[in-house]
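Peer 1: Fold the following, please.
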Amino acid sequence: ALFVLLQHKTTQQYMVVGTTHLYWHPHYEYVKLHQTKFVLDQMNLFAKKTFLVNNKKKAVRRIPCILCGDLNSKPNSIV
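Peer 2: Here you go, the predicted structure:
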């Protein structure tokens with residue numbers, strides 16, 4: 001997965017955008033579910049750490065996160 005912290009020029013609001021590519025096999029949805037949880041946990045950690053570095057250890061606010069990518073999932077999948 002790749003993550004980037006973006007900041008709106010006018011409002012100064014931060015946002016994290018990430019992309020990933022999950023395992024392809026349709027019979028292993030539990031693998032994709034665990035991969036998705038791991039990626040979301042890492043994205044949350046990235047958002048907190050990067051915000052703190054860029055804001056000199058100020059209190060962490062909620063930062064919107066958007067995850068994009070190839071989830072290799074069918075309709076009605078758990079992922």
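Peer 1: Point to the residue nearest the middle of the protein.
Peer 2: For the chain, the residue sitting closest to the mean C-alpha position, by CA atoms, centre = their mean, is residue 43 at 4.0 Å.
Peer 1: where's residue 46, which helix or strand?
Peer 2: For residue 46, the enclosing helix or strand under DSSP states H and E is helix 29-54.
Peer 1: Quick one: name whatever helix or strand follows that helix.
Peer 2: Stepping forward along the backbone from helix 29-54, the first helix or strand reached (DSSP H and E) is strand 65-70.
Peer 1: And the contacts of that following strand?
Peer 2: Applying CB atoms under 8 Å, 6 or more residues apart in numbering, the contact partners of strand 65-70 are 1, 15-22, 39-40, 43-44, 47. Heads up, the C-betas are built off the backbone N, CA and C, glycines and all.
Peer 1: Please pick the buried ones from the residues you listed.
Peer 2: The neighbour-count test (16 or more other CB atoms under 10 Å) applied to those identifies 1, 16, 18, 20, 22, 39, 43, 47 as buried.
Peer 1: OK, contacts around residue 43?
Peer 2: Contacts here follow CB under 8 Å, 6+ apart; on that basis residue 43 touches 1, 3, 16, 18, 65, 67.
Peer 1: Let's see that with 7 Å instead.
Peer 2: 3, 16, 18, 65, 67 (CB atoms under 7 Å, 6 or more residues apart in numbering).
Peer 1: just the angle between the helix-or-strand element of the chain with minimal mean pLDDT and strand 65-70, please?
Peer 2: Least confident helix or strand, the chain: helix 29-54 with a mean of 91, by mean pLDDT, DSSP states H and E. Using axes from the mean of the first three to the mean of the last three CA atoms, to 10 degrees, the interaxial angle of helix 29-54 with respect to strand 65-70 works out to 140 degrees.
Peer 1: Pull out the buried residues from helix 29-54.
Peer 2: Judged by neighbour count using 16+ other CB under 10 Å, the buried positions of helix 29-54 are 29, 32, 35-36, 39, 43, 46-47, 50-51.
Peer 1: out of these, which one sits closest to residue 79?
Peer 2: Distance from residue 79 was checked for each of the buried residues of helix 29-54 by CB to CB. The minimum falls on residue 32, at 4.3 Å.
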